[in-house]
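Participant: build me a structure from this.
(chains A and B)
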2 protein chains.
Amino acid sequence: MNPDRFSINQMTVKQLPLPELVAHCVRLGVPGVGLWREPVREYGVEAAAALVRDAELTVTTLCRGGFFTREGWEEDNRAAVDEAAALGTDTLVLVSGGLPPGSRDLPAARALIADAIGVLAPYAGERGVRLAIEPLHPMYASDRCAVSTLDQALEIAERFPAEQVGVVVDTYHLWWDERAPAAVARAGAAGRIHSFQLADWTTPLPAGVLNGRGQLGTGAIDLTSWAALVEKAGYTGPVEVELFNDTLWVRDGAEVLEETREAFLAV
Amino acid sequence: MNPDRFSINQMTVKQLPLPELVAHCVRLGVPGVGLWREPVREYGVEAAAALVRDAELTVTTLCRGGFFTREGWEEDNRAAVDEAAALGTDTLVLVSGGLPPGSRDLPAARALIADAIGVLAPYAGERGVRLAIEPLHPMYASDRCAVSTLDQALEIAERFPAEQVGVVVDTYHLWWDERAPAAVARAGAAGRIHSFQLADWTTPLPAGVLNGRGQLGTGAIDLTSWAALVEKAGYTGPVEVELFNDTLWVRDGAEVLEETREAFLAV
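Facilitator: Here you go, the predicted structure:
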C-alpha cells in the first residue's frame, strides 16, 4: 500500500513512550498515528496535542469511546469526544460494550448501544468529531461488543448523519464474514467508512483472545483483497495498523514500527 | 427440559471410560449418548456397539467426520460413516475443516467442503447415516471450520436430500448471530435439524479457545429461548450437551454427569 496512507496505531508499539513514537514516525516518514486515551491522558492531552501538531503528524483516530452498556458511559464518552477534539482528530472509535451485568439479551444490548450513540452523536458533531462504530469479532460479543458484524454497525450508524456516525472496517474482526464485502460497499457509498484498520488472523489464539493479532502477512487474511475492496468502496484515507500482540510488545518498539511499515508496504 | 430428550456427549465426561459412562447413564436414566470416534475405536467399534445396545442407550450422534480440506479426507470419512452405521446411530456430525495449507480463500474452502459432501452423501445415505454439517463459531474459521453460520451450513445442505444432509444447531457456535433464529426455522421446516447441542458461553476464553465451553446456565446464552426456538422449528428429538472444558475434565466424571443432567433439566 501507498506509504502516504500508513498510520500506526499506538497499541501496536505500546512499549514506546509517546515522544519516542512521534520521533520515530518523523524519522521514518510515517504520516499518521492512531492514539489511545489512556497513554494520552497519562502524558497530558494538551501536551500530546502539541507534540503531534509540532511533528505535523495526523491523528487518524482516538481509541476509544463506547462501553455503553456499563454504568457511567455518558460522562466518560463526552470526555472522550473532548479529548478527540483537543488532539485534532476527526474520528473517535467506539467499542460499544457487551451484555450488561446479568443480561443474556444481545438484541437489548444493541438497542442500548444505539440509544447511547443517539445521545452522544450531536455532542460529537458539534465538536467536529465523528463517531466510528467498530464491529468486533463475535468472540467478543458477550464482554466487549454486542455489535459483531458490519451490517449491525451500519444499521445503527445509518440512523444518524454520516458526518456524525460511521463505522470502522477492521480486517481482524470482519474477515470471516461473507456478508462483509457487500456491507463495505454500502458503507463506502454512504461515506460512512470513518476508519480502516489492518491486522492479520493467526492461531492458536492466546488466553483471553485479546493479544493475538498477527503481523500483516503472517496469517489467514487476504489483506490485499481487503485493501482493494475498501478502496473500491471509495475509501482512500489513512489505513491504521493496530496489532495487539504480546510477542510484538516484548520487542524493541522502533524495530516493530519499521517492520510494521514494511509489512504495510507489502500489502 | 424433558429428561427423555437428554443425551450426554461423550466429550463432556471424557474422563469416564466407555463402560463406566454407559453404566452411569443406565443408573441415572440418561437415554442417549453422543459418541466420539477416537475413544470408540480405542474400545473397539463392535464392542462399543454391543455395549450401548445391551444398555438400550440411543447413540444420538457420532462425532466426527469432516476436515474435508485436508489430504486423505475421503477414506477417513467413509470409515466414519461405517463406524456410525455399526454403532446404530443415524447421524454423523461434520466439522468441515478450515483453510487448506497456504490458502487465504474462505469461499474456496467452502466450495471444497460442499464438493466433498457431495461425494460422501450418497455413501452415507446408502448406510442409513445422515450427515450433519456443524457451523462452528467464526473464531474457528481458519483452522477448524470455514462454515461459520447456520445460513452457510444450510446453503450446502440444501443441495442434497434432507435424509442425507442436514445441520447441527449448537448454541455455543450460533448464539451471537442475529440471523440464526430465521435459519433455525428454515432448517426445521425442511427437516434438516439432525442434531441440537447445548453449551454455554463463558469468558475469558482459554488459550486455543477449544476447552472453555461453559456448563449450562453459567454463561451468556439464553438457553431457554434457544430450546424454545428449536422446538418451535419442529425439532423434538434428543438434545446433546457437549462441553469441552478443562475444569470439568479434572473432576469426578460421574459427578459431572449428574450435574450436567441437573443443568439440562433446569433449562
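Participant: what are the ranges of the strands in the stretch 151-267 of chain A?
Facilitator: Taking DSSP state E, counting those that start in this stretch to define them, one finds strands in the stretch 151-267 of chain A at A:165-170, A:193-198, A:200-201, A:213-214, A:239-241.
Participant: partner strands of the fourth one, with direction?
Facilitator: Its sheet considered, strand A:213-214 pairs with strand A:200-201 (antiparallel) by DSSP bridges.
Participant: which residues does residue A:219 contact?
Facilitator: A:200, A:201, A:202, B:142 (CB atoms under 8 Å, 6 or more residues apart in numbering or on different chains). (Glycine included, C-beta is placed from N, CA and C.)
Participant: and the second one, how close does it get to residue B:263?
Facilitator: What that stands for is residue A:201. 33 Å (CB to CB, to the nearest Å).
Participant: of those two, which one has the most company?
Facilitator: Each of residue A:201 and residue B:263 has its neighbours counted (other CB atoms under 10 Å in any protein chain shown); residue A:201 has more, 25 against 20.
Participant: separation between the more buried one and residue B:146?
Facilitator: Using CB to CB, residue A:201 is found at 13 Å from residue B:146.
Participant: do residue A:251 as well
Facilitator: 32 Å.
Participant: neighbour count winner among these two?
Facilitator: Comparing residue A:251 with residue B:146 by other CB under 10 Å, the one with more neighbours is residue B:146, at 31 against 13.
Participant: tell me the pLDDT of the closest residue in space to residue A:156 that isn't next to it in sequence.
Facilitator: The spatially closest residue to residue A:156, leaving aside those adjacent along the chain, is residue A:114, at 4.7 Å (CB to CB, 6 or more residues apart in numbering or on different chains). In this model, residue A:114 is scored at 98, pLDDT.
Participant: so what pLDDT did residue A:259 get?
Facilitator: What the model reports as pLDDT for residue A:259 is 98.
Participant: before we move on, what about residue A:172?
Facilitator: If you check residue A:172, the pLDDT there is 98.
Participant: what's the closest non-adjacent residue to it?
Facilitator: Closest to residue A:172 by CB to CB, 6+ apart is residue A:199, at 3.9 Å.
Participant: could you count how many residues lie near the one you found?
Facilitator: 26.
Participant: and if you look at residue A:250?
Facilitator: Residues lying near residue A:250 (other CB under 10 Å) number 9.
Participant: gap between the closest residue to it other than its chain neighbours and residue A:211?
Facilitator: Closest residue in space to residue A:250, ignoring its immediate chain neighbours: residue A:15 at 7.8 Å, by CB to CB, 6+ apart. Using CB to CB, we find residue A:15 at a distance of 13 Å from residue A:211.
Participant: which residues do those two both contact?
Facilitator: residue A:249.
Participant: what about the residue nearest the centre of chain A, distance to chain B?
Facilitator: Central residue of chain A (CA atoms, centre = their mean): residue A:93, 5.2 Å from the mean position. From residue A:93 across to chain B, the span is 21 Å (CB to the nearest CB, to the nearest Å).
Participant: quick one: the helix or strand containing that residue to strand A:165-170, angle?
Facilitator: Under the criterion DSSP states H and E, the helix or strand holding residue A:93 is strand A:91-95. Per axes from the mean of the first three to the mean of the last three CA atoms, to 10 degrees, the angle that strand A:91-95 makes with strand A:165-170 is 70 degrees.
Participant: what's the angle from strand A:91-95 to strand A:193-198?
Facilitator: Using the same axes, to 10 degrees: strand A:91-95 against strand A:193-198 is 70 degrees.
Participant: walk me through which strands strand A:91-95 pairs with, and which way each runs.
Facilitator: Strand pairing for strand A:91-95, determined by DSSP bridges: strand A:58-66 (parallel), strand A:130-133 (parallel).
Participant: give the next helix or strand downstream of it.
Facilitator: helix A:106-126.
Participant: can you dump the C-alpha coordinates of that next one into CSV?
Facilitator: Output of helix A:106-126 as CSV, limited to C-alpha atoms (Å, rounded to 0.1, in the frame of the first residue of the first chain):
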residue,chain,number,x,y,z
LEU,A,106,-28.0,-9.4,22.9
PRO,A,107,-30.7,-7.5,20.9
ALA,A,108,-31.4,-5.5,24.1
ALA,A,109,-27.7,-4.7,24.4
ARG,A,110,-27.6,-3.5,20.8
ALA,A,111,-30.7,-1.3,21.5
LEU,A,112,-28.9,0.3,24.5
ILE,A,113,-25.9,1.0,22.3
ALA,A,114,-28.0,2.6,19.6
ASP,A,115,-29.7,4.8,22.2
ALA,A,116,-26.4,5.9,23.7
ILE,A,117,-25.0,6.8,20.3
GLY,A,118,-28.1,8.8,19.8
VAL,A,119,-27.3,10.8,22.9
LEU,A,120,-23.6,11.2,22.0
ALA,A,121,-23.7,11.9,18.3
PRO,A,122,-24.9,15.5,18.3
TYR,A,123,-22.4,16.4,21.1
ALA,A,124,-19.6,14.9,18.9
GLY,A,125,-20.9,16.5,15.8
GLU,A,126,-20.8,20.0,17.4
